[in-house]
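K.L.:
Let's see this in three dimensions:
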Amino acid sequence: MFWIKNTINKMQIGQWILFAVCLLTGVAAFLIGISDNIPGIILLVVSISSAFGVWVWNWHYPRKFWILLGAAVLSFPVGVILHNLFYALGIGASEYKILAAVLSYLEVGFFIIAVLFAGPAALTALIGGIFVSWKGISGIAETNRSYRRFIQSHPISDRDMLGFVNLARLSASGANLQPLKYILSNTEEKNQKIFPTLSWAGYLKEWSGPVEGEKPSAYIILLGDEALGNSFQYDAGIASQSILLGAAERGLGGCLIGSIKRDALREALSIPEGFEILLVIALGKPGEKVVVEDIAPEGDIKYWRDENGIHHVPKRGVEELILDL
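P.N.:
Sure, this is the predicted structure:
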(Lines give C-alpha, C1' and ligand atoms only; values in the text may rest on other atoms or scores of the structure.)
Protein backbone atom coordinates (compact mmCIF):
# COMPACT_ATOMS: atom_id res chain seq x y z
CA MET A 1 0.00 0.00 0.00
CA PHE A 2 2.88 2.41 0.80
CA TRP A 3 4.40 1.81 -2.64
CA ILE A 4 1.06 2.56 -4.32
CA LYS A 5 0.54 5.73 -2.26
CA ASN A 6 4.10 6.90 -2.89
CA THR A 7 3.73 6.28 -6.64
CA ILE A 8 0.43 8.22 -6.78
CA ASN A 9 1.98 11.14 -4.87
CA LYS A 10 4.83 11.35 -7.39
CA MET A 11 2.64 11.21 -10.51
CA GLN A 12 2.74 14.35 -12.65
CA ILE A 13 -0.07 15.98 -14.63
CA GLY A 14 1.02 14.31 -17.87
CA GLN A 15 0.91 10.90 -16.19
CA TRP A 16 -2.60 11.55 -14.89
CA ILE A 17 -3.74 12.52 -18.40
CA LEU A 18 -2.27 9.31 -19.84
CA PHE A 19 -3.83 7.32 -17.01
CA ALA A 20 -7.25 8.81 -17.83
CA VAL A 21 -6.78 8.03 -21.53
CA CYS A 22 -5.78 4.48 -20.59
CA LEU A 23 -8.97 3.95 -18.56
CA LEU A 24 -11.34 5.60 -21.05
CA THR A 25 -10.03 3.83 -24.14
CA GLY A 26 -9.73 0.53 -22.30
CA VAL A 27 -13.36 0.64 -21.14
CA ALA A 28 -14.51 1.77 -24.61
CA ALA A 29 -12.60 -1.10 -26.24
CA PHE A 30 -14.32 -3.73 -24.12
CA LEU A 31 -17.74 -2.08 -24.52
CA ILE A 32 -17.61 -2.20 -28.32
CA GLY A 33 -15.70 -5.50 -28.37
CA ILE A 34 -12.22 -6.40 -29.56
CA SER A 35 -12.85 -9.74 -31.23
CA ASP A 36 -12.52 -9.18 -35.01
CA ASN A 37 -13.34 -5.53 -34.39
CA ILE A 38 -10.65 -3.15 -35.69
CA PRO A 39 -11.91 -0.01 -33.83
CA GLY A 40 -11.99 -2.00 -30.59
CA ILE A 41 -8.47 -3.34 -31.16
CA ILE A 42 -7.17 0.17 -31.94
CA LEU A 43 -8.72 1.51 -28.73
CA LEU A 44 -7.15 -1.31 -26.74
CA VAL A 45 -3.72 -0.63 -28.26
CA VAL A 46 -4.10 3.08 -27.36
CA SER A 47 -5.07 2.06 -23.82
CA ILE A 48 -2.06 -0.21 -23.38
CA SER A 49 0.29 2.34 -24.96
CA SER A 50 -1.01 4.97 -22.53
CA ALA A 51 -0.36 2.58 -19.64
CA PHE A 52 3.23 2.15 -20.85
CA GLY A 53 3.48 5.94 -21.10
CA VAL A 54 2.51 6.31 -17.42
CA TRP A 55 5.15 3.71 -16.51
CA VAL A 56 8.06 5.28 -18.44
CA TRP A 57 7.11 8.93 -17.89
CA ASN A 58 9.98 9.60 -15.48
CA TRP A 59 12.61 7.75 -17.50
CA HIS A 60 15.32 10.22 -18.48
CA TYR A 61 17.95 7.87 -19.87
CA PRO A 62 17.99 6.53 -23.47
CA ARG A 63 19.42 3.16 -22.43
CA LYS A 64 16.23 2.22 -20.58
CA PHE A 65 14.11 2.91 -23.65
CA TRP A 66 16.40 0.95 -25.96
CA ILE A 67 16.29 -2.03 -23.56
CA LEU A 68 12.48 -1.87 -23.58
CA LEU A 69 12.48 -1.61 -27.39
CA GLY A 70 14.70 -4.68 -27.65
CA ALA A 71 12.46 -6.62 -25.27
CA ALA A 72 9.36 -5.58 -27.21
CA VAL A 73 10.82 -6.56 -30.59
CA LEU A 74 12.00 -9.89 -29.22
CA SER A 75 8.71 -10.61 -27.48
CA PHE A 76 6.74 -10.77 -30.74
CA PRO A 77 8.43 -13.79 -32.38
CA VAL A 78 8.90 -15.50 -29.01
CA GLY A 79 5.25 -14.91 -28.13
CA VAL A 80 4.04 -16.23 -31.52
CA ILE A 81 6.22 -19.36 -31.31
CA LEU A 82 5.21 -20.17 -27.73
CA HIS A 83 1.55 -19.40 -28.47
CA ASN A 84 1.53 -21.93 -31.32
CA LEU A 85 3.53 -24.43 -29.27
CA PHE A 86 1.14 -24.38 -26.32
CA TYR A 87 -1.83 -24.46 -28.71
CA ALA A 88 -0.48 -27.66 -30.29
CA LEU A 89 0.33 -29.17 -26.90
CA GLY A 90 -3.14 -28.29 -25.64
CA ILE A 91 -4.74 -30.18 -28.53
CA GLY A 92 -2.56 -33.20 -27.82
CA ALA A 93 -3.41 -33.09 -24.10
CA SER A 94 -7.14 -32.50 -24.53
CA GLU A 95 -8.05 -35.66 -22.62
CA TYR A 96 -6.21 -34.36 -19.53
CA LYS A 97 -8.48 -31.52 -18.47
CA ILE A 98 -6.24 -29.82 -15.88
CA LEU A 99 -3.16 -29.95 -18.10
CA ALA A 100 -5.19 -28.79 -21.09
CA ALA A 101 -6.52 -25.83 -19.08
CA VAL A 102 -3.00 -24.81 -18.01
CA LEU A 103 -1.75 -25.05 -21.58
CA SER A 104 -4.73 -23.01 -22.76
CA TYR A 105 -3.92 -20.23 -20.27
CA LEU A 106 -0.29 -20.22 -21.43
CA GLU A 107 -1.42 -20.11 -25.06
CA VAL A 108 -3.62 -17.08 -24.39
CA GLY A 109 -0.93 -15.41 -22.27
CA PHE A 110 1.71 -15.60 -25.00
CA PHE A 111 -0.85 -14.45 -27.58
CA ILE A 112 -1.43 -11.35 -25.46
CA ILE A 113 2.33 -10.78 -25.19
CA ALA A 114 2.83 -11.14 -28.92
CA VAL A 115 -0.12 -9.03 -30.01
CA LEU A 116 -0.83 -6.58 -27.19
CA PHE A 117 2.54 -6.12 -25.49
CA ALA A 118 5.02 -6.01 -28.35
CA GLY A 119 3.40 -3.23 -30.40
CA PRO A 120 2.55 -0.70 -27.63
CA ALA A 121 5.83 -1.35 -25.81
CA ALA A 122 7.87 -0.87 -28.98
CA LEU A 123 5.96 2.32 -29.88
CA THR A 124 6.41 3.78 -26.40
CA ALA A 125 10.11 2.87 -26.29
CA LEU A 126 10.78 4.30 -29.74
CA ILE A 127 9.07 7.63 -29.06
CA GLY A 128 10.54 7.95 -25.57
CA GLY A 129 14.05 6.95 -26.67
CA ILE A 130 14.09 9.45 -29.53
CA PHE A 131 12.77 12.25 -27.30
CA VAL A 132 15.24 11.62 -24.47
CA SER A 133 18.17 11.22 -26.87
CA TRP A 134 17.19 14.46 -28.58
CA LYS A 135 17.38 16.31 -25.25
CA GLY A 136 21.02 15.19 -24.94
CA ILE A 137 23.25 16.75 -22.31
CA SER A 138 20.59 19.26 -21.23
CA GLY A 139 18.29 16.39 -20.26
CA ILE A 140 21.04 14.71 -18.24
CA ALA A 141 21.92 18.00 -16.54
CA GLU A 142 18.29 18.50 -15.55
CA THR A 143 18.16 15.11 -13.84
CA ASN A 144 21.59 15.49 -12.22
CA ARG A 145 20.43 16.64 -8.80
CA SER A 146 21.86 16.14 -5.31
CA TYR A 147 20.13 12.99 -4.09
CA ARG A 148 20.40 12.08 -0.42
CA ARG A 149 18.08 9.07 -0.24
CA PHE A 150 18.74 6.00 -2.34
CA ILE A 151 17.51 2.48 -3.03
CA GLN A 152 20.30 0.88 -1.03
CA SER A 153 19.72 -2.61 -2.42
CA HIS A 154 20.47 -1.46 -5.98
CA PRO A 155 24.11 -2.44 -6.64
CA ILE A 156 26.66 -0.43 -8.61
CA SER A 157 29.12 -2.63 -10.48
CA ASP A 158 32.90 -2.40 -10.46
CA ARG A 159 32.70 -1.69 -14.18
CA ASP A 160 30.46 1.35 -13.65
CA MET A 161 32.72 2.63 -10.87
CA LEU A 162 35.78 2.40 -13.12
CA GLY A 163 33.80 4.07 -15.89
CA PHE A 164 33.03 7.05 -13.65
CA VAL A 165 36.69 7.47 -12.73
CA ASN A 166 37.61 7.25 -16.40
CA LEU A 167 35.26 10.16 -17.12
CA ALA A 168 37.10 12.12 -14.43
CA ARG A 169 40.43 11.07 -15.92
CA LEU A 170 39.41 12.48 -19.31
CA SER A 171 38.30 15.80 -17.79
CA ALA A 172 40.34 19.00 -17.75
CA SER A 173 43.09 19.43 -15.17
CA GLY A 174 44.92 22.62 -14.22
CA ALA A 175 48.34 22.66 -15.93
CA ASN A 176 47.49 19.04 -16.77
CA LEU A 177 49.05 17.99 -13.45
CA GLN A 178 46.30 15.38 -12.90
CA PRO A 179 46.85 15.30 -9.12
CA LEU A 180 43.60 13.58 -8.16
CA LYS A 181 43.41 10.06 -6.82
CA TYR A 182 40.27 8.05 -6.03
CA ILE A 183 39.14 5.49 -3.48
CA LEU A 184 36.23 3.34 -4.66
CA SER A 185 33.71 1.62 -2.42
CA ASN A 186 30.73 -0.46 -3.52
CA THR A 187 30.68 -3.18 -0.86
CA GLU A 188 28.59 -3.18 2.32
CA GLU A 189 31.62 -3.66 4.54
CA LYS A 190 33.55 -0.71 3.14
CA ASN A 191 30.44 1.49 2.85
CA GLN A 192 29.77 1.02 6.56
CA LYS A 193 33.18 2.45 7.35
CA ILE A 194 32.57 5.56 5.25
CA PHE A 195 28.96 6.43 6.13
CA PRO A 196 29.52 7.48 9.81
CA THR A 197 32.17 10.01 8.73
CA LEU A 198 29.72 12.04 6.61
CA SER A 199 27.23 14.80 7.45
CA TRP A 200 24.05 15.22 5.41
CA ALA A 201 21.79 18.13 4.35
CA GLY A 202 22.72 21.04 6.61
CA TYR A 203 19.47 22.91 5.86
CA LEU A 204 17.30 19.96 6.99
CA LYS A 205 17.87 20.38 10.71
CA GLU A 206 15.32 17.72 11.70
CA TRP A 207 16.86 15.08 9.40
CA SER A 208 20.04 13.29 10.46
CA GLY A 209 20.66 11.49 7.17
CA PRO A 210 19.49 8.44 5.23
CA VAL A 211 18.31 5.48 7.30
CA GLU A 212 19.03 1.84 6.60
CA GLY A 213 17.61 0.96 3.19
CA GLU A 214 18.10 4.55 1.95
CA LYS A 215 21.89 4.74 2.22
CA PRO A 216 24.18 5.03 -0.83
CA SER A 217 25.22 1.86 -2.66
CA ALA A 218 28.68 3.22 -3.39
CA TYR A 219 31.13 6.02 -2.73
CA ILE A 220 33.98 7.65 -4.62
CA ILE A 221 36.43 9.53 -2.43
CA LEU A 222 38.44 12.26 -4.16
CA LEU A 223 41.97 12.77 -2.87
CA GLY A 224 44.61 15.34 -3.78
CA ASP A 225 48.07 13.87 -4.21
CA GLU A 226 50.31 16.45 -2.55
CA ALA A 227 53.33 15.05 -4.39
CA LEU A 228 51.76 16.31 -7.63
CA GLY A 229 50.30 19.65 -6.55
CA ASN A 230 48.95 21.76 -3.70
CA SER A 231 45.80 23.28 -5.22
CA PHE A 232 43.08 20.78 -6.03
CA GLN A 233 39.73 22.55 -5.79
CA TYR A 234 39.26 23.27 -9.50
CA ASP A 235 40.24 19.77 -10.60
CA ALA A 236 37.99 18.26 -7.94
CA GLY A 237 34.99 20.31 -9.10
CA ILE A 238 35.46 19.40 -12.75
CA ALA A 239 36.08 15.71 -12.04
CA SER A 240 33.16 15.35 -9.64
CA GLN A 241 30.73 16.92 -12.13
CA SER A 242 31.93 14.51 -14.83
CA ILE A 243 31.32 11.60 -12.44
CA LEU A 244 27.83 12.78 -11.53
CA LEU A 245 26.83 13.35 -15.17
CA GLY A 246 28.07 9.85 -15.99
CA ALA A 247 26.03 8.47 -13.11
CA ALA A 248 22.92 10.34 -14.29
CA GLU A 249 23.37 8.90 -17.79
CA ARG A 250 23.17 5.42 -16.26
CA GLY A 251 20.02 6.16 -14.27
CA LEU A 252 21.90 6.69 -11.03
CA GLY A 253 22.29 9.74 -8.83
CA GLY A 254 24.72 11.14 -6.34
CA CYS A 255 25.58 13.82 -3.84
CA LEU A 256 28.82 15.75 -3.37
CA ILE A 257 29.70 15.79 0.32
CA GLY A 258 32.28 18.18 1.69
CA SER A 259 31.21 17.99 5.33
CA ILE A 260 33.46 15.09 6.28
CA LYS A 261 35.06 13.95 9.51
CA ARG A 262 38.36 13.74 7.73
CA ASP A 263 40.46 12.34 10.55
CA ALA A 264 37.92 9.58 11.16
CA LEU A 265 37.72 8.75 7.45
CA ARG A 266 41.50 8.69 7.11
CA GLU A 267 41.74 6.29 10.03
CA ALA A 268 38.82 4.09 8.88
CA LEU A 269 40.34 3.52 5.43
CA SER A 270 44.02 3.85 6.40
CA ILE A 271 44.52 6.74 3.97
CA PRO A 272 48.22 7.68 4.03
CA GLU A 273 49.47 11.16 4.78
CA GLY A 274 50.25 13.11 1.64
CA PHE A 275 46.75 12.62 0.24
CA GLU A 276 44.34 15.46 1.06
CA ILE A 277 40.71 14.33 1.44
CA LEU A 278 38.75 16.65 -0.84
CA LEU A 279 35.25 15.30 -1.39
CA VAL A 280 33.15 12.19 -0.99
CA ILE A 281 30.66 11.41 -3.78
CA ALA A 282 27.75 9.27 -2.57
CA LEU A 283 26.22 7.22 -5.39
CA GLY A 284 23.13 5.06 -5.80
CA LYS A 285 19.76 4.59 -7.41
CA PRO A 286 17.75 7.70 -6.41
CA GLY A 287 15.12 6.94 -3.79
CA GLU A 288 13.56 10.39 -3.72
CA LYS A 289 12.16 12.98 -6.07
CA VAL A 290 14.03 16.28 -6.37
CA VAL A 291 12.25 19.29 -7.90
CA VAL A 292 13.94 22.48 -9.08
CA GLU A 293 11.90 25.67 -8.71
CA ASP A 294 12.37 29.42 -8.92
CA ILE A 295 13.55 31.26 -5.84
CA ALA A 296 10.70 32.93 -3.98
CA PRO A 297 10.50 36.77 -3.88
CA GLU A 298 12.06 36.83 -0.39
CA GLY A 299 15.15 35.18 -1.86
CA ASP A 300 15.39 32.09 0.38
CA ILE A 301 17.87 29.64 -1.15
CA LYS A 302 17.40 26.85 1.42
CA TYR A 303 16.23 23.51 0.03
CA TRP A 304 13.32 21.84 1.81
CA ARG A 305 11.00 18.82 1.79
CA ASP A 306 7.23 18.88 1.63
CA GLU A 307 4.75 16.62 3.41
CA ASN A 308 5.12 13.97 0.68
CA GLY A 309 8.90 13.81 1.10
CA ILE A 310 9.58 15.58 -2.21
CA HIS A 311 12.83 17.56 -2.07
CA HIS A 312 12.56 21.14 -3.39
CA VAL A 313 15.62 23.10 -4.53
CA PRO A 314 15.27 26.86 -5.24
CA LYS A 315 17.41 28.12 -8.13
CA ARG A 316 18.11 31.65 -9.29
CA GLY A 317 16.82 32.57 -12.73
CA VAL A 318 19.15 32.80 -15.73
CA GLU A 319 18.49 36.54 -16.06
CA GLU A 320 19.75 37.12 -12.53
CA LEU A 321 23.05 35.39 -13.28
CA ILE A 322 24.02 37.51 -16.31
CA LEU A 323 25.55 40.93 -15.80
CA ASP A 324 24.80 43.37 -18.60
CA LEU A 325 28.11 45.21 -18.59
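K.L.:
Kindly state the domain boundaries assigned to the protein.
P.N.:
2-143, 150-288 (automatic domain parsing).
K.L.:
Show me where this structure has its helices.
P.N.:
2-10, 13-32, 38-56, 62-92, 97-112, 118-143, 158-169, 188-194, 233-249, 262-269, 318-321 (DSSP state H).
K.L.:
hang on, the earlier thing: out of the domains of the chain, which is closest to residue 318?
P.N.:
domain 2-143 (13.0 Å; C-beta to C-beta). C-beta: built from backbone N, CA, C; applies to glycine.
K.L.:
rewinding a little: please work out which of the helices of the chain is packed deepest.
P.N.:
Of these, the one with the most neighbours on average (mean count of other C-beta atoms under 10 Å) is helix 233-249, at a mean of 20.
K.L.:
and for it, what are the contacting residues?
P.N.:
With C-beta atoms under 8 Å, 6 or more residues apart in numbering as the test, helix 233-249 has contacts from 60-61, 63, 137, 140-141, 143-144, 163-165, 167-168, 170-174, 177-180, 220, 222, 224, 253-254, 256, 278-279, 281, 283.
K.L.:
gap between it and the chain center?
P.N.:
18 Å (C-alpha atoms, centre = their mean, to the nearest Å).
K.L.:
Stretch 243-253 - what's its average pLDDT?
P.N.:
Model confidence over stretch 243-253, given as mean pLDDT, is 92.
K.L.:
cool, stretch 316-325 as well?
P.N.:
Mean predicted lDDT for stretch 316-325 stands at 91.
K.L.:
contacting residues around residue 104?
P.N.:
Applying C-beta under 8 Å, 6+ apart to residue 104 gives the contacts 86, 90.
K.L.:
so where is the protein shaky, pLDDT-wise?
P.N.:
Counting by pLDDT under 70, the ranges of the chain that qualify are 1-11, 135.
K.L.:
Residue 225 bridge partners, please.
P.N.:
Beta-bridge partners of residue 225, counted by DSSP bridges, are residue 275.
K.L.:
if I read this right, it contacts residue 180, doesn't it?
P.N.:
Yes: taking contacts as C-beta atoms under 8 Å, residue 225 lies within contact range of residue 180: 7.2 Å.
K.L.:
of these two, who's got more company?
P.N.:
For residue 225 versus residue 180, neighbours defined as other C-beta atoms under 10 Å are more numerous around residue 180 (25 against 15).
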